[in-house]
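Visitor: Requesting a structural model of the entry that follows:
(one chain, ligands or ions: 1)
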Amino acid sequence: MSDGIVIIGSGFAARQLVKNIRKFDVEMPLTMIAADSIDEYNKPDLSHVMSNNQRADDMTRQRAGEFAEQFNVRLFPKIWVTDIDPVQRIVKSRDRQWRYDSLVLATGSSALLPPVPGHELMLTLNSQDEYRAAESRLRKAQRVLILGGGLIGCELAMDFCRAGKQVTLVDNSASLLSSLMPPEVSARLQRRLSEMGVEIILSQQLAALQRDGDVLTAVLANGRRIEADEAIAAIGLRAGTALAQHAGLTVNRGIVVDGALGTSHEHIYALGDCAEINGQLMPFLQPIQLSAMTLAKNLTGQQARLTLPPMLVKIKTPELPLQLAGETRRADLNWQILAGSQGLVAKGYDSEQQLRAFVVSEEQMPQAFTLLRELVQ
Ligand SMILES: Cc1cc2nc3c(=O)[nH]c(=O)nc-3n(C[C@H](O)[C@H](O)[C@H](O)COP(=O)(O)OP(=O)(O)OC[C@H]3O[C@@H](n4cnc5c(N)ncnc54)[C@H](O)[C@@H]3O)c2cc1C
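Guide: Now for the predicted structure:
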């Protein structure tokens, strides 16, 4: 007997898919299998747990049982899926299997650790479970080293600082948020973090970590030694592609999908942080929400293709929140920056004077919506 549409994962992608499918079809059999408890939490809240004094359990928004009842889904929590057989259309765990009509991989991503001696001493904050495991150590820690000055690293640095901890932020680039915007634009955030007391060390690599009793020592490539109580890795994410790869699906940086969210194998789809769309990973809620809506239509007999409008990404650093959109990573843009007491507006133009990207601070948020409409895709 078939288990209908089988979804692996219970994160935002999987839940959005279920909610959207139920708008079109209340009966279709749905099965969700995930390594976690299948309780719902909002992952972006991890950026504020320390200053909000929030415990891991406080993050739970809906219990698995209520979700199952509300959306008529069969749930299999705390199960690690080990294998997919695309020919027999079977999903396997160590001790049981499910037969699918359609399979959706919503396996998310995992936080990268640096390839240095002692990396196993580092903590990561990419799920409620990871926070639960690290919570008591992080609460106790007075000195926290954060490796990685990207979006998540900056958010965590500000959060831990606001929670009264002594924070050191280390990045191998010459500026913060270096993969998202030019240094002239991120400089404001860098200054704000420094004023708050975060020690920012740029253009430096971590070479090793050692623990001696309660003291963790980070050794940088230039020989400098930094003592901390805990260290957190925020150097990037790796898409959860292992199952897909093992099953012979086309995988690049993520599981490659087309505009209908279909993978290289018939009846298998991918969604969320694990999916690569138009050659890009898009580990943000808005593209996931739009992808889930498109896939829900396709799985309920409609024909839909994903179109992604220009989208805003928020950097949730409460002392200086920023919003960005467009191809901010492009190296060839000419940036026009207006910064003053009224806030920041930075616009990135291409050689034909077309607006390709922008960054604004909170004071200038109303401008963001106008700029979003001007943005050339
Ligand atoms: C600190 C932080 C702050 C963020 N802030 C923002 C923000 O402000 N705005 C924004 O848009 N985005 C933000 N994001 C990103 C956003 O939260 C993610 O893109 C989104 O939550 C990913 O959802 P997902 O369902 O694809 O993956 P996940 O939530 O990672 O879910 C993956 C699921 O797959 C399951 N799984 C994986 N492999 C297996 C297996 N083999 N067997 C069984 N189960 C498996 C896991 O148990 C889990 O249930 C943030 C992320 C972080 C970490």
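
Visitor: And the helices in this structure?
Guide: With helices called from DSSP state H, the chain shows them at 12-24, 64-71, 128-140, 151-162, 183-196, 242-246, 285-299, 365-374.

Visitor: can you tell me which of these comes nearest to G340?
Guide: When the helices of the chain are compared by C-beta to C-beta, helix 183-196 sits nearest G340, at 10.6 Å. No exception for glycine: its C-beta is placed from N, CA and C like everyone else's.

Visitor: Q97 touches R89, doesn't it?
Guide: No: taking contacts as C-beta atoms under 8 Å, Q97 lies outside contact range of R89: 10.5 Å.

Visitor: And those two? Which one has more around it.
Guide: Each of Q97 and R89 has its neighbours counted (other C-beta atoms under 10 Å); R89 has more, 20 against 14.

Visitor: tell me the contacts of the residue nearest to the spatial centre of the chain?
Guide: Central residue of the chain (C-alpha atoms, centre = their mean): P283, 4.7 Å from the mean position. Taking C-beta atoms under 8 Å, 6 or more residues apart in numbering, we find P283 in contact with 109, 237, 272-273.

Visitor: do that again at 7 Å, thanks
Guide: Residues in contact with P283 (C-beta atoms under 7 Å, 6 or more residues apart in numbering) are 109, 237, 273.

Visitor: Now rank those by neighbours and give me the top one.
Guide: Neighbour max across the contacts of P283 (other C-beta under 10 Å) = D273, 26 neighbours.

Visitor: picking that back up, tell me which of the helices of the chain is the most buried.
Guide: helix 151-162 (a mean of 24; mean count of other C-beta atoms under 10 Å).

Visitor: ok, is that one in contact with the ligand or not?
Guide: Yes: shown here: helix 151-162 in contact with the ligand (C-beta under 6 Å from any ligand atom) through I152.

Visitor: Which strands and helices lie in contact with that helix?
Guide: strand 143-147, strand 166-170, helix 183-196, strand 313-315 (3 or more C-beta pairs under 7 Å, 6 or more residues apart in numbering; DSSP states H and E).

Visitor: What lies in contact with the third one?
Guide: Pointing back at helix 183-196 there. 154, 157-158, 161, 174-177, 200, 317, 319-320, 322, 335, 337, 339, 344, 346, 359.

Visitor: Please list only the buried members of the residues you listed.
Guide: When these are checked for burial by 16 or more other C-beta atoms under 10 Å, the buried set is 154, 157-158, 161, 175-177, 200, 317, 320, 322, 335, 344, 346, 359.

Visitor: if we can go back for a sec, show the model's pLDDT score for the residue nearest to the centre of the chain.
Guide: On pLDDT, P283 comes in at 95.

Visitor: Backbone dihedrals for it, please?
Guide: Note on P283: backbone dihedrals following degrees, to the nearest 10 are phi -80, psi 60.

Visitor: So the nearest residue to I337 once chain neighbours are set aside versus the ligand, what's the distance?
Guide: Leaving aside its chain neighbours, I337 sits nearest to A346 (4.5 Å; criterion: C-beta to C-beta, 6 or more residues apart in numbering). Per C-beta to the nearest ligand atom, to the nearest Å, A346 is found 20 Å from the ligand.

Visitor: so A346 sits right up against F358, yeah?
Guide: Yes: using C-beta atoms under 7 Å, A346 makes contact with F358 at a distance of 6.3 Å.
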